[in-house]
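Colleague: Sequence unavailable; structure follows:
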């Protein structure tokens, strides 16, 4: 059975030469800014697959499993940006209430009426 919370202190992000997802431990391509010049971690490393399942929760000081797309655990504070990707379609950078960092979300994952309203407001004001 998967844990409800993955404590940040128990996560292993690998090294600067061999970075890995802190959740599934798969090797990932290094992204700039992940490690400093001394090899110290300065940003969590989470692979794309895990980022769709897990989200950082400040209160838990770790990653918690996302609730299904029709039962979102968090409410949207605002939508900050959007991008269209050829393979993934439209993505929105969402600032969730209760989370410290915004998260890129697929438009397909954002189906609740209050979220649609946020998207419409964002599109109308950009």
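Modeller: Arrived safely, thanks for sending. This is a predicted model, so every value here is computed, not measured.
Colleague: Using the record's domain definitions, break this structure down for me.
Modeller: 1-66, 69-126 (automatic domain parsing).
Colleague: rank those domains by pLDDT, which is bottom?
Modeller: Lowest mean pLDDT of the domains of the chain: domain 69-126, a mean of 72.
Colleague: So which residues of the protein form strands?
Modeller: Along the chain, counting by DSSP state E, strands occupy 5-7, 54-57, 62-65, 76-85, 89-96, 103-106.
Colleague: Mind listing what's buried along the third one?
Modeller: By neighbour count on 16 or more other C-beta atoms under 10 Å, the buried set for strand 62-65 is 62-64. Placement of C-beta: from N, CA and C, glycine included.
Colleague: quick revisit: select, out of the strands of the chain, the one closest to residue 43.
Modeller: strand 54-57 (11.2 Å; C-beta to C-beta).
Colleague: counting contacts, what elements does the closest one pack onto?
Modeller: Contacts defined by 3 or more C-beta pairs under 8 Å, 6 or more residues apart in numbering; DSSP states H and E place strand 54-57 against strand 62-65.
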